[in-house]
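Enquirer: give the three-dimensional model of this entry:
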Amino acid sequence: MPETDDQSEIYTRASKSQRKRDAHALQQLGARLVAARPTQVAALALDETLHDAIVMARGIRSHGALRRQMQLIGKLMRDADAEAIATALDQDAQHDQAGVARMHAAERWRERLIADQDAYAQWRERFGEQNAARVEELLPAARAELARGERGRRYRDLFRHLRTVLEEESDSSENQP
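Expert: Residues are numbered from 1 along each chain as shown. You can find the predicted model right below:
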């Protein structure tokens with residue numbers, strides 16, 4: 001029995017369950033946009049009404065009103081390029097994770113440098129004389145502060161310098177082919 005155009009359309013159209021899954025996925029992406037930093041959202045090419053809905057959702061405190069607003073955002077997301085938005089948010093999240101990892105590495109280096117005399121030689125060998133000179137300058141003052149039970153300015157300055165050097169190293173390694 002030959003199929004008519006109506007019957008073939010029924011089988012090629014997405015099921016109601018699939019359409020609901022897609023709508024929920026767009027709402028979840030919208031929730032990620034609401035949770036994202038305003039600068040991240042501003043950097044994306046979003047429709048003005050979608051951008052306004054996201055900004056408005058940040059100010060809503062009522063659970064029911066927020067749920068309705070998220071449904072509106074999901075509806076507005078149908079017209080947006082969801083894949084590009086998700087990719088941009090994922091890249092920002094990876095960038096943020098890399099920054100946190102560099103901060104943790106700087107903290108570990110600071111603790112090693114303060115506690116272990118040999119760590120300075122390792123730092124100098126890995127990052128060069130120029131960066132080691134500033135560490136050598138800050139290290140005695142940071143150790144003295146820590147010995148007094150303080151975590152003062154030199155302790156923080158040492159961390160900032162270590163973090164800066166690690167950021168420069170990661171930036172230069174990313175730019176190399």
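Enquirer: could you chop the chain up by domain?
Expert: According to automatic domain parsing, the chain comprises the domains 5-80, 95-175.
Enquirer: mind telling me which of those the model trusts least?
Expert: With a mean of 85, domain 95-175 has the lowest mean pLDDT of these.
Enquirer: chain center to the biggest helix by length in the chain, what's the gap?
Expert: If you go by DSSP state H, the chain has its longest helix at helix 82-115. What separates the centre of helix 82-115 from the centre of its chain is 8 Å, taken as Cα atoms, centre = their mean, to the nearest Å.
Enquirer: check which helices and strands that helix is in contact with.
Expert: Counting contacts by 3 or more Cβ pairs under 8 Å, 6 or more residues apart in numbering; DSSP states H and E, helix 82-115 packs against helix 16-35, helix 38-43, helix 117-127, helix 129-147, helix 153-175. Any C-beta I mention is one placed from the backbone N, CA and C, and that applies to glycine too.
Enquirer: for the shortest one, packing partners?
Expert: In terms of contact count using 3+ Cβ pairs under 8 Å, 6+ apart, helix 38-43 is assigned the packing partners helix 48-59, helix 82-115.
Enquirer: out of the ones you listed, which comes closest to L26?
Expert: helix 82-115 (6.1 Å; Cβ to Cβ).
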